[in-house]
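> Structure for the following, please:
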Amino acid sequence: MSIEDEKLFNEVKKVIEREIRPIIEADGGRIMLRKVDSGVVYVSLSGACAGCPGAVMTLRGGVERILKMRIKEVKAVKLA
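Numbers count the residues shown, from 1 in each chain. So this is what the prediction gives:
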């Protein structure tokens, strides 16, 4: 992982911990930050999110939207 990716990983982790995780956990799901590679954030969803038809909407409309709003270097969010 490059120094830039490591710095971005730490920024993304803070936003996930403070803003995103509480929302997902309120619905019985879990989110785990896996890696950051050239502005692409990789996460895994589990718990109630695993196999949920709304998981893609949560990823794009929630997780990706929030991360892009907070951190300009985030280009996309994908499932790992």
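
> buried residues in the helix or strand of the chain with the lowest mean pLDDT?
Of all helical and strand segments in the chain, the minimum by mean pLDDT, DSSP states H and E falls on helix 55-57, at a mean of 84. By neighbour count on 16 or more other CB atoms under 10 Å, the buried set for helix 55-57 is Ala55. Using the backbone N, CA and C atoms, a C-beta is placed for each residue, glycine as well.

> Low-confidence ranges, this protein, go.
The model of the chain has no residue with pLDDT under 70.

> And stretch 37-44, how far out from the chain middle?
What separates the centre of stretch 37-44 from the centre of its chain is 8 Å, taken as CA atoms, centre = their mean, to the nearest Å.

> Export that stretch to PDB, keeping only CA atoms.
Written as PDB, here are the backbone C-alpha positions of stretch 37-44 (Å, rounded to 0.1, in the frame of the first residue of the first chain):
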ATOM      1  CA  ASP A  37      -6.300   1.200  -3.800                       C
ATOM      2  CA  SER A  38      -5.800   4.300  -5.900                       C
ATOM      3  CA  GLY A  39      -8.900   6.000  -4.600                       C
ATOM      4  CA  VAL A  40     -11.100   2.900  -4.800                       C
ATOM      5  CA  VAL A  41     -12.400   1.800  -1.400                       C
ATOM      6  CA  TYR A  42     -13.100  -1.900  -0.800                       C
ATOM      7  CA  VAL A  43     -15.500  -2.900   2.000                       C
ATOM      8  CA  SER A  44     -17.400  -6.000   3.000                       C
END
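
> This completes my enquiry, with thanks.
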